[in-house]
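Undergrad: just to be clear, the model below is a prediction. Sequence and coordinates:
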Amino acid sequence: MEKFHLLLDVLIKHHKAVTMSFWSLLTAGGQTLFSKIVFQCPCDDRYKMPYSLLFFFAPALVLFLLRYLLSFKVGRVVTGCCTKDQRDTVEKIYTLDKKSCKASPETPSKRVMFCKEVVCGQVTLTALLAPFIWITMALLEGNYSVCLFSANEQQQRSLCQEHNCFEKELQMPCQQTSLTNFEQKVRAISQIIGWGLIAGVMVLFTMIKFCCCCTSRVGFLQLQFQKIYMKKENETLTAESKKYATELAERNVKCFFENVCHDSVRIPRTEEWNEISLVIKPSDTEYSKLHKYANNRPVREDTLQNPATDCI
């Protein structure tokens, strides 16, 4: 048990290195599987170059953008940057890594720009690790390179000096598959379109995500607080709805069997349900329609159950 706790302490202490190592191994394993199973070089020279380059760089681009989208630091730097003063940002919103900003200038506006550059630089270097491993493993494995160079006739002739070597080299990528030439063309075109679509969607989603963050009227921490509030509000509303629904059901069932109506249960009117069901944009003081309803709720004398749910 002590060894387990010791191992757990080491993992917690070096969790960043462990996480990076895990993602590195996962990227390397994924590249190997893609190279051995998914990648099949077409025999047509017109498709060899785009097919190989796409397998080289499209997954690397997806991994890079995915790391940026999942980065907590990037969210803090980007959120609200297009709608807020830089000086207010450094003092009110962002709490950046102090160690990284010790050598920053004394001017607040310069300091926030320096800290943002440091944070973006750190995240970029971290995000480049997975693409670097993908491309490196692809070069070491060599399948993509063989398919890429077999599409260039000049490089083929310069590397192939033996008799009949050039003719054999043209068919080299095609000998490792049982697919016909037509099937290989269709598969290559399909995979090119697929990877192009994945990369395009990732780029578009990243642009939309960063545009929404930049134009946010609130800072990152307040935005996180709003999300937490909305989640807790929904959970609490569901729990209280179950509680009151149970009380109302028990009351009505007892009323049916005992023929005596007990204390009434306060159920909001239809207008009140409709009022809190509307969707509004969160503000500085009101995060939801229910929040607005609670702040502006008039005092009512009717606290009994709705007539529609009264026991007859």
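TA: Happy to help now that I have it. In this text, all values refer to a predicted model and were calculated from it rather than measured experimentally.

Undergrad: could you list the low-pLDDT ranges of the stretch 1-150 of the chain?
TA: Judged by pLDDT under 70, the stretch 1-150 of the chain has its weakly predicted residues at 1-16, 18, 76, 80-119.

Undergrad: so which helix or strand takes in residue 63?
TA: helix 45-69 (DSSP states H and E).

Undergrad: may I see the buried residues of that helix?
TA: By 16 or more other CB atoms under 10 Å, the buried positions in helix 45-69 come out as 47-48, 50-52, 54-65, 67-68. (C-beta placed from N, C-alpha, C; glycine too.)

Undergrad: over to stretch 26-33?
TA: 27, 28, 30, 31.

Undergrad: of those residues, which pair is most distant in space?
TA: 28 and 30 (7.3 Å; CB to CB).

Undergrad: using CSV, write out every CA atom in stretch 28-38.
TA: What follows is stretch 28-38, C-alpha atoms only, in CSV (Å, rounded to 0.1, in the frame of the first residue of the first chain):
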residue,chain,number,x,y,z
ALA,A,28,3.0,7.4,-32.0
GLY,A,29,0.7,4.4,-31.8
GLY,A,30,-2.0,6.2,-33.8
GLN,A,31,0.5,7.1,-36.5
THR,A,32,1.7,3.5,-36.7
LEU,A,33,-1.9,2.1,-37.0
PHE,A,34,-2.7,4.7,-39.7
SER,A,35,0.5,3.8,-41.6
LYS,A,36,-0.1,0.1,-41.5
ILE,A,37,-3.9,-0.2,-41.8
VAL,A,38,-5.4,3.0,-43.3
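
Undergrad: what does that stretch contact?
TA: 55, 59, 133, 134, 137, 138, 141, 143, 144, 191 (CB atoms under 8 Å, 6 or more residues apart in numbering).

Undergrad: again, but for stretch 17-25
TA: For stretch 17-25, the external contacting residues (CB under 8 Å, 6+ apart) are 11, 126, 129, 130, 133.

Undergrad: what subset of the residues you listed is buried?
TA: Here, 16+ other CB under 10 Å leaves 126, 129, 130, 133 buried among the contacts of stretch 17-25.

Undergrad: looking at the residues you listed, which is nearest residue 262?
TA: Closest approach between these and residue 262, by CB to CB: residue 126, at 62.6 Å.

Undergrad: in this structure the closest one contacts residue 68, no?
TA: No - assessed by CB atoms under 8 Å, residue 126 is found out of contact with residue 68, at 9.6 Å.

Undergrad: what are the ranges of the helices in the stretch 151-300 of the chain?
TA: Taking DSSP state H, counting those that start in this stretch as the test, the helices found in the stretch 151-300 of the chain are 153-159, 165-171, 181-214, 220-258, 270-277, 289-296.

Undergrad: looking at those helices, which is nearest to residue 40?
TA: Residue 40 lies closest to helix 181-214 among the helices of the stretch 151-300 of the chain, at 6.1 Å (CB to CB).

Undergrad: other SSEs contacting the closest one?
TA: helix 45-69, helix 72-78 (3 or more CB pairs under 8 Å, 6 or more residues apart in numbering; DSSP states H and E).

Undergrad: rounded mean pLDDT for that helix, please.
TA: Mean pLDDT, computed over helix 181-214, is 76.

Undergrad: can you give me the angle it makes with helix 45-69?
TA: 30 degrees (axes from the mean of the first three to the mean of the last three CA atoms, to 10 degrees).

Undergrad: now helix 181-214 against helix 220-258, angle please.
TA: 90 degrees.

Undergrad: tell me the secondary structure at the closest residue in space to residue 57 that isn't next to it in sequence.
TA: Excluding its sequence neighbours, the residue lying closest to residue 57 (CB to CB, 6 or more residues apart in numbering) is residue 135, at 7.5 Å. At residue 135 the chain is in helix, as set by DSSP: H, G, I helix; E, B strand; the rest coil.

Undergrad: name all residues that make contact with residue 135.
TA: Shown in contact with residue 135 (CB under 8 Å, 6+ apart): 56, 57, 60.

Undergrad: which positions within stretch 123-139 qualify as buried?
TA: Under the neighbour-count criterion of 16+ other CB under 10 Å, stretch 123-139 has 123, 126, 127, 129, 130, 131, 132, 133, 134, 135, 137, 138 buried.

Undergrad: out of those, who's nearest residue 286?
TA: Of the buried residues of stretch 123-139, the one sitting nearest to residue 286 (CB to CB) turns out to be residue 123, at 33.3 Å.
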